[in-house]
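J.: A structural model of the following input is requested.
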Amino acid sequence: MEVKLVARTLDLIEVFAQERRALSLTELARLLDIPMSSCLGLIRTLHARGYLYEVRKRGGYYPTKRLLAAATRIDSGDPLVSLVEEHLHLLQREVDETVVLGKLEGGRVLYLCVVESSQPIRYSTQVGELRPLHANSIGQAILARLPEAEAREILGGLEMRRFTELTLCTVDDYLARLPAVRERGWSENLGESSDDLAALACAFNFSGEWYAVSVAGPLPRMRQRWQAFPAPLLACVARIVAEVDPA
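T.: Sure thing, here's the model as predicted:
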């Protein structure tokens, strides 16, 4: 259940991230689709706390660097991403496709770190994105490492929506694929979430939680180089495991 005030505050941050310009109270109320009175209270609170400033009289509001400073301090203390980010960048340079770190969160896959490919046509996504578990290489890699009963319970609580003709939409079909994933050590998604997207992923455990690293890109290009991806992906995850669990 969402807390309305928290949701509106996050929406406000995302509006500024999208618009990247000073916004008047009227514009903010319209973009947030909330009453002017509610918007005014939100703006006044953030302004008083130093998170927004008025660019000029009646010239609109814009976030101050206080938000960035807080986010930077938070990011520097991340218990996992700060440890593995260097390895993700190394993998991205090696394969030149987009590399993603994710985990299961509430029946979906949450993206924790994204290192995009340098190629003009690439898979593009954002940190914080939530993706359907049943049509995602990270989700598949993690479920393959869980006991079958636990994986079945998780899948049983999902709406396994069909995205393409290749999407696995039944629990039994999905579970039937997992032994092959466990055997080779990595999962694959070839057009299951989108007709033009391919990805593979490998899972690892950190402090009792399962995470996975994926390599993703346009399906035609990924198909051409498919055999070149598993080895560097597995090597990257091995380096991560050696760093986060040296024992």
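
J.: Work out for me the element the residue positioned nearest the centre of the chain sits within.
T.: Nearest residue to the geometric centre of the chain (Cα atoms, centre = their mean): Tyr111, 1.7 Å. Taking DSSP states H and E as the definition, Tyr111 sits inside strand 108-115.

J.: partner strands of the helix or strand following that strand, parallel or antiparallel?
T.: Once the chain leaves strand 108-115, the next helix or strand it forms, by DSSP H and E, is strand 130-132. Here strand 130-132 is paired, per DSSP bridges, with strand 108-115 (antiparallel).

J.: what about the strand holding Tyr111, average pLDDT?
T.: What strand 108-115 shows for mean pLDDT is 93.

J.: ok, back up a step: who are the contact partners of the residue nearest to the centre of the chain?
T.: Taking Cβ atoms under 8 Å, 6 or more residues apart in numbering, we find Tyr111 in contact with Val100, Leu101, Gly102, Thr125, Gln126, Val127, Gly128, Glu129, Leu130, Arg131. Every C-beta, even on glycine, is put in place using the N, C-alpha and C of the backbone.

J.: which one among these gets closest to Ile240?
T.: Leu101 (8.9 Å; Cβ to Cβ).

J.: Need the three-state assignment for that closest one.
T.: Secondary structure, DSSP: H, G, I helix; E, B strand; the rest coil: Leu101 is strand.

J.: how far away is it from His89?
T.: 11 Å (Cβ to Cβ, to the nearest Å).

J.: The two: which is more packed in?
T.: Neighbour comparison, Leu101 and His89: the larger count goes to Leu101, with 25 against 13 (by other Cβ atoms under 10 Å).

J.: Domain ranges for the protein, per the record?
T.: As given by automatic domain parsing, the domain ranges for the chain are 4-72, 77-244.

J.: Packed most tightly, which of those would that be?
T.: Neighbour counts averaged per stretch over the domains of the chain are highest for domain 77-244, at a mean of 18; criterion: mean count of other Cβ atoms under 10 Å.

J.: So which other helices or strands are in contact with whichever helix or strand Phe204 is part of?
T.: Here Phe204 sits within strand 197-206, counting by DSSP H and E. With contacts defined as 3 or more Cβ pairs under 8 Å, 6 or more residues apart in numbering; DSSP states H and E, strand 197-206 has these neighbours: helix 137-143, strand 187-190, strand 209-218, helix 219-224, helix 230-244.

J.: hmm, who's touching it?
T.: In contact with strand 197-206 (Cβ under 8 Å, 6+ apart) are residues 80, 123, 136-138, 140-142, 144-145, 185-191, 210-219, 222-223, 226, 229-230, 233-234, 236-237, 240-241, 244-245.

J.: which other helices and strands contact the helix or strand containing His87?
T.: According to DSSP H and E, His87 maps onto helix 81-95. Using 3+ Cβ pairs under 8 Å, 6+ apart, the elements in contact with helix 81-95 are helix 65-76, strand 98-105, strand 108-115, strand 209-218, helix 230-244.

J.: Averaged pLDDT, stretch 54-70. What do you get?
T.: 82.

J.: measure stretch 140-154 end to end?
T.: 12 Å (Cα to Cα, to the nearest Å).
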